[in-house]
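> sequence-free structure coming up:
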């Protein structure tokens, strides 16, 4: 960096909740025109630090300097006027309004006391021109894809003269080419002197886009380094607090029962335009990876197998016997379980306790006559929590309070409790930290080790290659390749297969 | 993601000491009980000379709130499931009319069955339209509210239908068992059954899960369409029983019985801590919500306020209680 002056400087920030320290004398500086990655495991204090910067929380002690001047950030409004912008992970847009209306929400340009929509559209156009992206300001947000939502969010922050943008897992819901476009945009913003605080669990992205990285651990700053001076292993070790060895390397597992009847067999499964004539078989103990671009029908295949979408034709056989799956109830009875891609929307009742969430698919198991046996339920939920090492203060607390990684573990635990023959996981490690990720991958291997069959859908190729014994490549709803793991040389060859080259 | 990391306090597995447990105790959850006690003590002191604390008056409060309590038990299921049923008051009125006419025509048992059948029919139509066609329950039951009360007025030409069957009138309204009014026993029965089913059965849990996050419930293998159907069916049947309680107490069926009860029942449910957005609720809370409303009504009458003043004060107290109970 040529300009050594800091756009943001947070000095010895401490913050506790109910007397328990969460941040301990943390220093954090972001230079002008810099992309600064912020990393740390779940509960390391990243979110708290960022919420202090955005004015959601106030630090107990410590100072914040913006452009070298001390500022008091007591509210979100203060943070905005100090030039801090946030691109929310869950987008903060009103779907029924247009792009321009969203950008200027609460700061609409007025003409004689009335909102001047034409002016808003003109200004929105100018913002997008400056960002060098093409978005129609008059389009209703609900009609646009997530990538455009994000661009609208960024434009909204820029319209409020943000000098610092906080991006929290910005690529989580983007397709590959959209991610590329976002990175190009970030480069342009950098060139305009805007600083970006980039929070992501994806190491390759951090290396690709960030200039420096700060790692937090247990509420303290572990290090701030230029990325050119730090090795990936160091970062991972810094985040997790221990060495992760070989979790992402494929370990050939002993071939279980080569012949015999497949545990799951799918013949000519078709549902709508996204699942077309899909056939495959899964042996006991086998882990099948499913790869494909966004919209290739990966998630739809999982939904159809689990009975959420109805199959229009085709057969599903469990242990050689045909089963009718028209609803999740029937799928569960047939021995299937699905860890859905969106744990917050599809996997959990966020306001309910960890225990209630865990027991939801198991109510039949803990019924004694017409009533539930609550003691049995407590025992069962505790054993599941223990088995998957979910970190909870108390199983009675709402699951909403857990970190993303722990929430995901709760979803997995809830389905492990049903003792499924075939477990389907859709993006099981999205948005979880690297420590939890390796635990989840281990759990998948262990489960297969007990003779169950597992289907893993993932857009992270290293992860797919690490666990899969076989990879099914989907394109436009059809299987275009069925590759044994041994035939895939590396990530690149899988990438090529997915592109259909 | 680490969005929730600001509360890592809750992720530490250290065993909390007693002081911390007190701090964690969420008094907002108990605001209905606190409010009930405060209002009770307030009236007990203020209205001591007007006989507020006399056994007769206290039993009166129970008796007067009995039908609302019964309706509110059904409403708890509906609201906990993130739906609403505006047709309960009208359903009670229609059921009272149908029961009265059927008793006059065919006798006691067919009369009771006809009353229940009214509730089943209304609840099944409500539930069917909501769960199968996906029409919002607010609209379906708003329409049904008019249909039920209109039908009741139509078939009777606005005339009250007297019930001359003493057995019916005794069982469903005016009878006592020892010192305890039959109406109080009816509401106790519904509260007890409702509380156990909601908190201790598979069905109850599935109702709460469907109300809390329908998509997640679907993905967990819960037939949420069926659950939505069932809660509206329950609400209709329970309302029809409440209609029979009106009929028994007033020894007649009339389309006006139950008018406006939907709003009292909704107020009781929300006061009782059930989330208006679904996902959480307790029947015991609903009972106290209903009793609190009865308490306020009774106290204000004894205090000599006229009915216009009563309405203002009652409204203010309800808003205050809900404001105190809401989550931060």
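Okay, I see it. No experiment lies behind these values; they were computed from the predicted model shown. Numbers count the residues shown, from 1 in each chain, chains lettered A, B, ... in the order given.

> per-residue confidence for the nearest residue to residue A:318 once chain neighbours are set aside?
In this structure, residue A:318 finds its nearest non-sequential neighbour in residue A:334, 5.2 Å apart by Cβ to Cβ, 6 or more residues apart in numbering or on different chains. Where you see a C-beta, it was placed from the backbone N, CA and C, and this is true even at glycine. Residue A:334 carries a pLDDT score of 95 in this model.

> so who does residue A:334 touch?
Residue A:334 sits next to A:316, A:318, A:323, A:325 when contact means Cβ atoms under 8 Å, 6 or more residues apart in numbering or on different chains.

> what's the separation between it and residue B:217?
Between residue A:334 and residue B:217 the computed distance is 19 Å (Cβ to Cβ, to the nearest Å).

> residue B:306 now?
Taking Cβ to Cβ, one finds residue B:306 at 48 Å from residue B:217.

> what does the stretch 201-350 of chain A have sitting close to chain B?
A:306, A:308, A:327-329, A:331-332, A:338, A:340, A:345-350 (Cβ under 8 Å from any Cβ of the partner chain).

> pick out whichever of residue B:306 and residue B:217 has more residues nearby.
Set residue B:306 next to residue B:217 and count neighbours by other Cβ atoms under 10 Å in any protein chain shown: residue B:217 wins out with 24 against 9.

> what does the pLDDT read for the more buried one?
Predicted confidence (pLDDT) for residue B:217: 95.

> residue B:326 now?
pLDDT, residue B:326: 65.

> just to revisit the earlier point, quick check: the farthest pair among the contacts of residue A:334?
The distance between the two most remote of these (Cβ to Cβ) is 9.3 Å, for A:318 and A:325.

> of these two, which one has the most company?
residue A:325 (23 against 20).

> ok, and the closest non-adjacent residue to that one?
Nearest to residue A:325 is residue A:307, by Cβ to Cβ, 6+ apart, at 4.4 Å.

> tell me, what's touching residue A:318 and residue A:325 both at once?
In contact with both residue A:318 and residue A:325: A:334, A:336, using Cβ under 8 Å, 6+ apart.

> how deep is residue A:313 tucked in, by neighbour count?
Other residues close to residue A:313 by other Cβ under 10 Å number 10.

> who does the one helix or strand in chain A whose mean pLDDT sits lowest touch, helix- and strand-wise?
Taking mean pLDDT, DSSP states H and E as the measure, the helices and strands of chain A show their lowest mean at helix A:232-240, namely a mean of 80. On a contact count with 3 or more Cβ pairs under 8 Å, 6 or more residues apart in numbering or on different chains; DSSP states H and E, helix A:232-240 meets strand A:35-39, helix A:203-209, strand A:212-217, helix A:434-449.

> tell me how chain A divides into domains.
Per the record, chain A has its domains at A:6-240, A:264-499, by automatic domain parsing.

> helix, strand, or coil at residue B:280?
Under DSSP: H, G, I helix; E, B strand; the rest coil, residue B:280 falls in the coil class.

> so it touches residue A:350, yeah?
No. Judged on Cβ atoms under 8 Å, residue B:280 makes no contact with residue A:350 at a distance of 11.7 Å.

> who touches both of the two?
Common neighbours of residue B:280 and residue A:350 (Cβ under 8 Å, 6+ apart) are residue B:212.

> centroid-nearest residue for chain A?
Centroid-nearest residue in chain A: residue A:431, 2.8 Å away (criterion: Cα atoms, centre = their mean).

> reformat the helices and strands packed on helix A:232-240 as a markdown table; add mean pLDDT and mean neighbour count.
What follows is these, written out as a markdown table (pLDDT from 0 to 100; neighbours: other Cβ atoms under 10 Å in any protein chain shown):
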| stretch | mean pLDDT | mean neighbour count |
| --- | --- | --- |
| strand A:35-39 | 94 | 25 |
| helix A:203-209 | 88 | 17 |
| strand A:212-217 | 92 | 22 |
| helix A:434-449 | 89 | 19 |
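
> out of those, which is closest to residue B:186?
Ranking the helices and strands packed on helix A:232-240 by proximity to residue B:186 (Cβ to Cβ) places helix A:434-449 first, at 52.5 Å.

> any residue of the closest one touching chain B?
No. Using Cβ under 8 Å from any Cβ, helix A:434-449 never reaches chain B; the gap is at least 11.2 Å.

> next, the angle strand A:35-39 makes with that helix.
50 degrees (axes from the mean of the first three to the mean of the last three Cα atoms, to 10 degrees).

> could you point out the helix or strand that follows helix A:434-449?
Next helix or strand after helix A:434-449 toward the C-terminus (DSSP states H and E): strand A:453-457.

> which elements pack onto the helix or strand following that next one?
Note on strand A:453-457: by DSSP H and E, the next helix or strand toward the C-terminus is helix A:461-467. Here helix A:461-467 touches strand A:287-291, helix A:434-449, strand A:453-457, helix A:491-499, going by 3+ Cβ pairs under 8 Å, 6+ apart.

> apart from its chain neighbours, what residue comes closest to residue A:490?
Nearest to residue A:490 is residue A:465, by Cβ to Cβ, 6+ apart, at 7.8 Å.

> ok, that neighbour touching residue A:487?
No. Using Cβ under 8 Å, residue A:465 makes no contact with residue A:487, being 11.7 Å away.

> who has more neighbours, those two?
Each of residue A:465 and residue A:487 has its neighbours counted (other Cβ under 10 Å); residue A:465 has more, 22 against 12.

> contacts only, for that one.
By Cβ under 8 Å, 6+ apart, the contact list for residue A:465 reads A:250, A:289, A:471, A:485, A:488, A:490, A:491, A:494.

> hmm, which of these are the buried ones?
A:250, A:289, A:471, A:485, A:488, A:494 (16 or more other Cβ atoms under 10 Å in any protein chain shown).

> now, which of these sits nearest chain B?
Chain B lies nearest to residue A:289 out of the buried ones among the contacts of residue A:465, by Cβ to the nearest Cβ, at 21.8 Å.

> what sits against that closest one?
A:456, A:457, A:458, A:464, A:465, A:467, A:468, A:470, A:471, A:472.

> swap in residue A:170?
A:87, A:89, A:150, A:182, A:198, A:200.

> change it to 10 Å
Applying Cβ atoms under 10 Å, 6 or more residues apart in numbering or on different chains, one finds that residue A:170 lies in contact with A:87-89, A:150, A:153-154, A:179, A:182-183, A:186, A:196, A:198-200, A:205, A:209.
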